[in-house]
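# here is my input, please return the structure:
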Amino acid sequence: MKKEDGRIVETTMEARGAERGPTVRNVLVWSTGLVVIGFAAVYLLYF
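Have a look, this model is predicted:
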């Protein structure tokens, strides 16, 4: 982070605050899939 003309200038990575990658997407896809499978199992066992 640096200052230019009294303004703070950050790189894209600094402004984002984290690395961008497939990890977040993978966690979202896998967790959603597991929830759907869990609901299907509960439905089949109880109804």
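# run the chain-centre distance for stretch 21-38.
For stretch 21-38, the separation from the chain centroid amounts to 10 Å (computed by Cα atoms, centre = their mean, to the nearest Å).
# from here on, count from 494
Sure, I'll start counting at 494 from here, so that last one is stretch 514-531.
# per-residue confidence averaged over it?
Averaging the model's pLDDT scores along stretch 514-531 yields 93.
# in this protein, which spans are strands?
Listed in chain order, the strands of the chain (DSSP state E) span residues 495-497, 500-502.
# between those strands, which gets the lowest average pLDDT?
strand 495-497 (a mean of 78).
# show me which positions of stretch 514-529 end up buried.
Burial within stretch 514-529, assessed by neighbour count using 16 or more other Cβ atoms under 10 Å, is assigned to no residue. Yep, even glycine has a C-beta here, placed from its N, CA and C like the rest.
# then that stretch to PDB, C-alphas only?
Extracted in PDB, the C-alpha atoms of stretch 514-529 (Å, rounded to 0.1, in the frame of the first residue of the first chain):
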ATOM      1  CA  GLY A 514      -9.000 -19.100  -6.700                       C
ATOM      2  CA  PRO A 515     -11.200 -22.100  -7.300                       C
ATOM      3  CA  THR A 516     -11.100 -23.100  -3.600                       C
ATOM      4  CA  VAL A 517     -14.200 -21.000  -2.600                       C
ATOM      5  CA  ARG A 518     -16.100 -22.300  -5.600                       C
ATOM      6  CA  ASN A 519     -15.200 -25.900  -4.800                       C
ATOM      7  CA  VAL A 520     -16.300 -25.600  -1.200                       C
ATOM      8  CA  LEU A 521     -19.600 -24.000  -2.300                       C
ATOM      9  CA  VAL A 522     -20.300 -26.700  -4.900                       C
ATOM     10  CA  TRP A 523     -19.300 -29.700  -2.600                       C
ATOM     11  CA  SER A 524     -21.200 -28.400   0.400                       C
ATOM     12  CA  THR A 525     -24.300 -27.700  -1.600                       C
ATOM     13  CA  GLY A 526     -24.200 -31.100  -3.200                       C
ATOM     14  CA  LEU A 527     -23.800 -32.800   0.200                       C
ATOM     15  CA  VAL A 528     -26.800 -30.900   1.600                       C
ATOM     16  CA  VAL A 529     -28.900 -32.000  -1.400                       C
END
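# having no further points to raise, I will conclude here.
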